[in-house]
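[1] Compute the structure for the input listed below.
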Amino acid sequence: MPRSIPLQKLRNIGIMAHIDAGKTTTTERFLFYTGKTHRMGEVDDGAATMDWMEQEKERGITISSAATTCFWEDHQINIIDTPGHVDFTMEVERSLRVLDGAITVLCAVGGVEPQSETVWRQADKYHVPRIVFVNKMDRIGCNFDNAVAMLRENLDAFAIPIQLPVHRGEKFTGIIDLVSMQYRTYHEESLGATYKDLPIPSDYQEKARQAREELIEALTLYDDNLLEKILGDEPIQLSDIKRALRIATLQVKIFPVLCGSAARNTGIQKLLDAVIDFLPSPLDLPPIKGINPEKEKEETRKPSDDEPFCALAFKIAADPHVGKLTYFRVYSGQLKVGTTVLNANTKGRERIGRILEMHANNRLDRDEIFTGDIAAAVGLRKTTTGHTLCDQKKPIILEKMNIPIPVISVAIEPKTKADQDQLIQALSKLAEEDPTFNVKINEDTGQTLISGMGELHLEVLVERMLREFGVKANIGRPQVAYKETISAPVEAEGKFIRQSGGKGQYGWVKIRLEPLPKGGGFKFENELKTGSILPKQFIPPIKEGIAEAMQNGVLAGYPMVDIKAVLLDAKYHDVDSTEIAFKIAGSLAYQEAAAKGNPLLLEPMMKVEVTVPEEYMGDVISDLNSRRGSIVGIHVKGDAQSILVMVPLSEMFGYATRLRSLSQGRAIFTMEFDHYAPVPENLFADLITKLRGF
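    Next up, the predicted model:
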């Protein structure tokens with residue numbers, strides 16, 4: 001079956017924002033006005049189409065990114081609705097990795113909030129063009145101009161309004177389009193499906209004229225044709241402004257700002273128009289780059305159905321009806337049911353037995369998909385998040401996505417022996433779905449530890465184990481995911497020699513460990529003297545032995561990070577030397593060096609923003625100081641104060657209850673991981689003793 005929609009009329013977009021800014025409500029309006037659904041699902045009623053998980057309905061928040069497809073003005077729009085809570089930031093990360101454009105939804109009251117900034121930076125990393133929708137213009141305390149100012153100041157974004165709200169709060173009546181210079185009002189009796197375009201109200205004409213001049217002046221920086229028309233005193237057409245806006249938006253130079261109220265069904269059709277007019281099709285983006293694993297050379301794939309097939313798997317989900325679903329984005333070529341493709345990362349082959357187009361948790365079978373499509377395959381056995389699927393004869397590995405580090409752990413055990421096998425299966429499936437969920441067995445205690453991005457993240461996963469897999473388990477208290485490192489360079493030797501009458505084992509190495517800057521990870525360098533007679537096959541086992549030893553630190557058994565290991569010298573025996581001997585020698589050398597390198601314990605530091613009425617601010621700051629908090633800044637946020645502070649995660653357990661008590665329930669806070677920092681010296685000894693269980 002041939003492609004039904006030309007590639008230039010395809011849009012792959014994500015909707016991203018801080019929690020409770022109105023992402024899912026906006027998506028529900030998209031689906032209603034495009035005819036995908038015939039009633040509006042409301043988040044507060046637990047009836048939103050895109051929030052289909054039981055936990056999402058109960059909590060009124062998005063937990064898992066959901067994909068759908070709709071059509072507007074002869075264009076196909078593939079939409080991924082992403083979570084706003086920081087605990088589920090991986091869902092945003094992997095969605096942005098495969099999307100071409102995005103809508104950032106801001107609350108007109110709160111403006112740029114902490115998670116707004118996080119998702120904005122994630123989109124910057126992937127160079128994703130964006131438009132901004134300032135939502136909730138019907139709310140008391142809303143301020144469109146302040147939201148635009150925060151975009152410019154907090155995010156350093158060249159945000160340019162292309163709409164203005166007429167009145168605000170309860171008096172909000174509609175929007176002024178600065179491109180067409182018309183005032184649009186929406187009819188409540190049709191739930192906003194019908195509207196009327198009118199002349200701009202007289203008391204807004206001067207403001208609209210000035211805003212349009214600012215818009216055109218900004219666009220002349222990116223469109224020479226528009227500049228020539230202005231210099232030649234020629235009339236500016238509607239198409240001239242749209243073309244210039246599209247050019248600047250696709251270059252990620254300008255971020256058009258629109259406004260409205262999704263809950264009041266106002267401004268959504270204009271937002272859909274902006275998706276079509278200003279966000280990219282796959283043809284507007286450069287060819288995707290990857291590495292040919294056979295030639296170890298960089299290659300590209302153009303966005304064309306005629307190119308070799310190439311796709312990136314970005315999400316794994318367990319569906320109770322069809323089994324394991326692998327979501328993937330097609331970057332080039334086409335794929336038919338029954339085709340066998342190559343997993344370039346594992347070098348294994350996967351047969352595509354069934355392809356599904358997803359609408360939240362509903363499925364539509366497809367016989368064939370094309371470049372730019374987002375779909376799900378059923379039953380892929382060894383494909384996981386970040387793997388590349390490609391033509392068997394034209395292998396390519398696309399760049400993997402970044403996976404955030406889990407910062408909190410809890411111990412888990414089955415309530416009965418009968419639950420043991422079910423627990424193992426459930427944990428395995430959940431870990432396959434979610435790369436930020438880790439499962440580890442503590443070798444000393446035999447405990448099973450599960451790690452995630454926060455208390456809510458782990459709470460939701462434990463609920464899923466009970467509901468979806470029927471596993472009953474006991475959960476321990478939350479534990480902080482500490483890490484270890486060294487603070488001084490040090491050298492050490494490691495030798496592994498065994499003689500047993502026949503062939504023995506012999507390996508001897510000398511290494512130097514050096515601390516790396518924060519976030520440096522692990523690096524290995526070979527500085528063996530020129531002419532060294534150590535066979536090359538023994539060098540990778542030395543690196544492997546060091547890397548494995550780093551998983552158990554010398555202070556309290558936590559993984560070690562930010563270390564460079566340098567191989568200085570090595571000796572081998574013609575008969576007795578083996579790869580395993582050098583692996584063990586490397587591990588022994590590392591353990592000795594790490595113990596002598598002034599090891600440090602690192603704790604996760606959280607960026608916390610507390611929004612609190614001024615009368616409670618003193619008590620809140622005093623409490624944060626008692627939690628070893630370091631105040632970064634305080635600024636006015638509406639009629640409250642916003643306190644930005646860095647606090648160790650270990651001090652934040654139970655904070656929600658404490659904050660409600662201090663503020664009579666009127667303060668709120670958000671928290672996200674920021675970095676790892678050394679534990680203070682005055683706490684170090686006691687904490688090590690506690691962690692070792694002495």
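
[2] Please count neighbours and contacts with C-alpha atoms only from this point.
    OK.

[3] who does the longest strand belonging to the chain touch, helix- and strand-wise?
    Taking DSSP state E as the criterion, the chain has its longest strand at strand 599-612. Counting contacts by 3 or more C-alpha pairs under 8 Å, 6 or more residues apart in numbering; DSSP states H and E, the secondary-structure elements packed against strand 599-612 are strand 483-486, strand 640-648, strand 668-678.

[4] could those strands go into JSON lines alongside mean pLDDT, distance to Leu423 and mean neighbour count?
    Shown next, in JSON lines, are those (pLDDT from 0 to 100; distance: least, C-alpha to C-alpha, whole Å; neighbours: other C-alpha atoms under 10 Å):
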{"stretch": "strand 483-486", "mean pLDDT": "92", "distance to Leu423": "27", "mean neighbour count": "26"}
{"stretch": "strand 640-648", "mean pLDDT": "90", "distance to Leu423": "31", "mean neighbour count": "21"}
{"stretch": "strand 668-678", "mean pLDDT": "82", "distance to Leu423": "28", "mean neighbour count": "18"}
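
[5] nearest to Thr27, of the ones you listed?
    strand 668-678 (23.8 Å; C-alpha to C-alpha).

[6] so after the closest one, what's the next helix or strand?
    helix 681-692 (DSSP states H and E).

[7] what angle do that next one and strand 599-612 make?
    Here helix 681-692 runs at an angle of 100 degrees relative to strand 599-612 (axes from the mean of the first three to the mean of the last three C-alpha atoms, to 10 degrees).

[8] can you redo the helices and strands packed on strand 599-612 as TSV with distance to Arg498?
    Below are the helices and strands packed on strand 599-612 laid out as TSV (distance: least, C-alpha to C-alpha, whole Å):
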stretch	distance to Arg498
strand 483-486	31
strand 640-648	46
strand 668-678	40
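
[9] which stretches of the protein aren't confidently modelled?
    Counting by pLDDT under 70, the chain contains low-confidence ranges at 1, 38-65, 84-88, 320, 360-361, 442-446, 500-502, 530-532, 638-639, 693-694.

[10] Now the residue most central in space within it. Nearest residue, chain neighbours left out?
    With distances taken as C-alpha atoms, centre = their mean, the chain has Glu93 as the residue nearest its mean C-alpha position (2.0 Å). Counting by C-alpha to C-alpha, 6 or more residues apart in numbering, Gln122 is the residue found nearest to Glu93 once chain neighbours are left out, at 6.6 Å.

[11] The one you found sits in which helix or strand?
    Counting by DSSP H and E, the element that carries Gln122 is helix 114-125.

[12] what does that helix contact?
    16-19, 84-86, 89, 92-93, 96, 104, 106, 154-155, 609, 670 (C-alpha atoms under 8 Å, 6 or more residues apart in numbering).

[13] That one: which residues count as buried?
    Pro114, Gln115, Ser116, Glu117, Thr118, Val119, Trp120, Gln122, Ala123 (16 or more other C-alpha atoms under 10 Å).

[14] before we move on, the earlier item: tell me the strands beside the longest strand of the chain, with direction?
    In the sheet, strand 599-612 lines up against strand 483-486 (antiparallel), strand 640-648 (antiparallel), strand 668-678 (antiparallel) (DSSP bridges).

[15] Between those, which one is closest to Gly169.
    From the strands paired with strand 599-612, taking C-alpha to C-alpha, the stretch that ends up closest is strand 640-648, at 18.3 Å.

[16] So Leu466 sits against Asn474, correct?
    No: at 11.1 Å, Leu466 does not count as touching Asn474 under the criterion of C-alpha atoms under 8 Å.

[17] Can you pick out the residue with more neighbours from these two?
    Between Leu466 and Asn474, Leu466 has the larger neighbour count (other C-alpha atoms under 10 Å), namely 14 against 11.

[18] for the more buried one, what are its contacts?
    Residues in contact with Leu466 (C-alpha under 8 Å, 6+ apart) are Lys472.

[19] gap between it and Leu449?
    As for Leu466, its distance to Leu449 is 17 Å (criterion: C-alpha to C-alpha, to the nearest Å).

[20] Likewise for Tyr558?
    In terms of C-alpha to C-alpha, Tyr558 sits 13 Å off from Leu449.

[21] And Asn625, by the same measure?
    31 Å.

[22] Quick check on the two: which one has the bigger neighbour count.
    Per other C-alpha under 10 Å, whichever of Asn625 and Leu449 has more neighbours is Leu449, with 19 against 14.
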